[in-house]
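In: what shape does this take:
(one chain, ligands or ions: 1)
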Amino acid sequence: MENDIKLAVIGIGAMGSQHVKDIQSMSGVQLSAICDLRPERMEAVTSSSTTKSFTDYQDMLNSMELDGVLISTPHYDHTPIAIDCFHYGIHVLTEKPIAAQMSDGILMVQAFKEARKHHSDLKFAIMFQQRTYGYWKKIKSMLDDGELGKLIRATWIITNWFRNQSYYDNGDWRATWKGEGGGVLINQCPHNLDLFQWFFGMPEKVTGFAGFGKYHEIEVEDEVTAFFEYQNGMVGHFITSTAESPGTNRLEIIGERGKLVFENNILTFWKNKISMLEQIQTSIDPYAFTESVELDIPYEHHGLPGHRFIIENFVNVIRGKEELIVRGEEGLNQLQLSNSILLSSLINKTILLPMDSDLFKRELEEKIRNSKVRKEAGISLIPDISKSFGN
Ligand SMILES: NC(=O)c1ccc[n+]([C@@H]2O[C@H](COP(=O)([O-])OP(=O)(O)OC[C@H]3O[C@@H](n4cnc5c(N)ncnc54)[C@H](O)[C@@H]3O)[C@@H](O)[C@H]2O)c1
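Out: This is a model prediction of the structure:
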């Protein structure tokens with residue numbers, strides 16, 4: 001009989017309270033502790049006598065034996081909490097994004113690598129639950145199998161992250177430079193940008209255009225268009241907004257061997273009979289398109305938000321039974337995309353990757369210094385975020 005894996009959740013807000021419920025319903029796992037700066041948030045989620053409550057996470061780390069910690073605080077706090085956990089040799093599953101800015105994310109990965117010198121089996125994972133979705137897994141496997149041949153263009157219009165002003169008003173950290181270091185790029189889009197880099201790798205150059213508080217009373221970006229240039233010649237477009245209703249979620253991938261489109265939960269592949277690049281060179285008809293067949297691509301999908309699968313994977317990895325679905329270090333790619341699009345918009349220049357994370361830090365510090373936002377402390381109700389996970 002295996003011992004229970006002892007977990008703690010830090011940050012019992014909208015997301016953390018869901019993690020608490022998921023952990024409480026799992027077997028072989030004990031929710032040993034919860035921690036939040038605000039005691040009332042913890043009172044709302046657990047009455048179990050085996051779960052201890054803390055308002056200071058360092059007191060918790062000092063006084064408890066824990067196997068793993070889930071971090072679901074606002075993004076800036078992911079960094080010091082994860083680094084402290086690594087010092088104690090405690091496995092970490094942090095919420096997305098890994099951090100608010102690249103320089104913090106780099107510190108976390110360095111601390112993790114350093115800690116592994118003393119705790120060689122230490123694990124670091126990120127909550128990118130969309131990696132468990134059947135349609136994204138199908139697209140990934142088709143790309144990895146080379147079914148589209150050489151990639152020409154990938155365009156993702158992801159504007160169904162619609163948010164009303166009341167969302168931004170619920171929580172003093174939301175949509176502020178000081179509280180989260182950005183808007184839609186760092187809060188909602190980490191999932192899509194993680195998938196973008198998972199599918200296509202990292203671009204060489206990033207150019208971004210952002211609208212700041214264009215449709216909401218916020219100081220950070222709520223509308224973004226980005227252009228990615230890849231070393232292999234592929235170009236990418238990433239278009240997002242929290243102010244389009246009805247919104248769109250359309251991913252269009254063009255390769256020499258066809259066009260793959262995901263929209264309205266339908267995956268369609270127009271499969272070319274011959275390579276489009278070959279046809280360009282050989283066809284004697286100046287206007288002929290390549291012949292193609294239209295295929296509905298089936299996929300299996302669990303239909304759930306998916307956080308539970310990432311937590312179960314984390315536990316199974318701690319037990320040495322599985323590989324991590326998303327390794328902590330991978331979180332740096334999404335963060336670099338979010339930060340470089342924002343940096344490009346702020347300084348009006350194309351950014352070469354790897355980006356200058358110190359320059360981004362300085363730009364962000366200036367934004368924080370010049371901020372005029374004085375938010376009231378957030379409403380203390382925990383919002384139901386089950387509608388907010390996107391697809
Ligand atoms: N994976 C997803 O689908 C998903 C969805 C929503 C939010 N998130 C992420 O979860 C994190 C939290 O978001 P949320 O919407 O739950 O925010 P929230 O404001 O509802 O909750 C955050 C909680 O953390 C607490 N907190 C803040 N600093 C703390 C500290 N140092 N120690 C202990 N507690 C602290 C706050 O009191 C609050 O209760 C963010 O990083 C966000 O990006 C992920």
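
In: phi, psi for whichever residue of the chain sits closest to the ligand please.
Out: Here the chain gets closest to the ligand at one residue, G13, 1.7 Å apart by Cβ to the nearest ligand atom. The C-beta positions use only the backbone N, C-alpha and C, and glycine is treated the same way. When quoted as degrees, to the nearest 10, the phi and psi of G13 stand at phi -100, psi -140.

In: and it, what does it touch?
Out: Residues in contact with G13 (Cβ atoms under 8 Å, 6 or more residues apart in numbering) are D36, R41, S72, T73, G171, I382.

In: possible to save those as CSV with pLDDT, distance to F212 and neighbour count?
Out: Output for the contacts of G13, formatted as CSV (pLDDT from 0 to 100; distance: Cβ to Cβ, whole Å; neighbours: other Cβ atoms under 10 Å):
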residue, pLDDT, distance to F212, neighbour count
D36, 98, 31, 24
R41, 95, 30, 20
S72, 98, 27, 24
T73, 98, 25, 23
G171, 84, 19, 19
I382, 55, 28, 18
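
In: for I81, helix, strand, or coil?
Out: helix (DSSP: H, G, I helix; E, B strand; the rest coil).

In: what score does it have for pLDDT?
Out: pLDDT recorded at I81 is 98.

In: how about it, nearest residue that isn't a chain neighbour?
Out: In space, I81 comes closest to I71 once its chain neighbours are excluded; the distance is 5.2 Å by Cβ to Cβ, 6 or more residues apart in numbering.

In: ok so, going back, and of the contacts of G13, the nearest to L143?
Out: L143 has its nearest neighbour among these in S72, at 30.9 Å by Cβ to Cβ.

In: assign the spatially closest residue to the closest one that is not a sequence neighbour to helix, strand or coil.
Out: In this structure, S72 finds its nearest non-sequential neighbour in G16, 3.6 Å apart by Cβ to Cβ, 6+ apart. Counting by three-state DSSP, the backbone at G16 sits in helix.

In: report how many residues lie close to G16.
Out: 23 (other Cβ atoms under 10 Å).

In: I'd say it and I10 touch.
Out: Yes: counting by Cβ atoms under 8 Å, I10 is a contact partner of G16 at 7.4 Å.

In: before we move on, the earlier item: of the contacts of G13, which are in range of the ligand?
Out: The subset of the contacts of G13 within reach of the ligand, by Cβ under 6 Å from any ligand atom, is D36, R41, S72, T73, G171.

In: among those, which lie within helices?
Out: R41 (DSSP state H).

In: of all the ones next to the ligand among the contacts of G13, which comes closest to F124?
Out: The closest of the ones next to the ligand among the contacts of G13, once distances to F124 are taken by Cβ to Cβ, is S72, at 15.5 Å.

In: that closest one touches V9, doesn't it?
Out: Yes: using Cβ under 8 Å, S72 makes contact with V9 at a distance of 6.3 Å.

In: how many neighbours does V293 have?
Out: 10.

In: contacting residues for it?
Out: Counting by Cβ under 8 Å, 6+ apart, the residues that V293 touches are W270, K271, K273.

In: likewise K52?
Out: Contacts of K52 by Cβ under 8 Å, 6+ apart are S32, A33, I34, M60, M64.

In: change it to 7 Å
Out: S32, A33, M64 (Cβ atoms under 7 Å, 6 or more residues apart in numbering).

In: now do the contacts for the first one.
Out: The one in question is S32. K6, L7, A8, T51, K52, M64, L66.

In: any idea of the pLDDT on the second one?
Out: Spelled out, that is L7. So, for L7, pLDDT stands at 98.

In: what is the neighbour count of it?
Out: 28.

In: so which elements touch whichever helix or strand it is part of?
Out: For L7, the enclosing helix or strand under DSSP states H and E is strand 5-10. Contacts defined by 3 or more Cβ pairs under 7 Å, 6 or more residues apart in numbering; DSSP states H and E place strand 5-10 against helix 14-24, strand 29-35, strand 68-71.

In: to K372, which of those lies closest?
Out: Nearest to K372, of the helices and strands packed on strand 5-10 and by Cβ to Cβ, is helix 14-24 at 26.3 Å.
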